[in-house]
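Asks: the following comprises the amino acid sequence and a computationally predicted model.
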Amino acid sequence: MDAVISALIPFYEAYLTEVAKEFQTGEYEAYHKCPSYSGAKAIQQAIWLLEIYYWGETKTISIERAV
């Protein structure tokens, strides 16, 4: 299970970078309105689900704290 989580992390980080870039343009009034937010959220939820199953808690930083 740890290998699956580790494989998803680079994709999550790429989406976080995109959300941050989109938000910094000032075009979007909130980070959750950025186009790439839904992709980041989907991966975040998948990772958190696996982390809770595997470790009993989440360990990956949330989108809100990362952006």
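Replies: Yep, that arrived.
Asks: where along this structure do the helices fall?
Replies: Remark: helices assigned in the chain by DSSP state H are 2-24, 37-55, 63-66.
Asks: what average pLDDT does the second one get?
Replies: The reference is to helix 37-55. Taken as a whole, helix 37-55 carries a mean pLDDT of 97.
Asks: contacting residues around it?
Replies: Contacts to helix 37-55, defined as CB atoms under 8 Å, 6 or more residues apart in numbering, come from residues 1-2, 4-5, 8-9, 11-12, 15-16, 18-19, 31, 57-60, 62-63. Just so you know, the C-beta spots here come from the backbone N, C-alpha and C atoms, and that holds for glycine as well.
Asks: that one versus helix 2-24: what angle between them?
Replies: Put simply, helix 37-55 runs at 150 degrees to helix 2-24, going by axes from the mean of the first three to the mean of the last three CA atoms, to 10 degrees.
Asks: chain center to helix 37-55: distance?
Replies: 8 Å (CA atoms, centre = their mean, to the nearest Å).
Asks: and the longest one, by the same measure?
Replies: Offset of helix 2-24 from its chain centre (CA atoms, centre = their mean): 5 Å.
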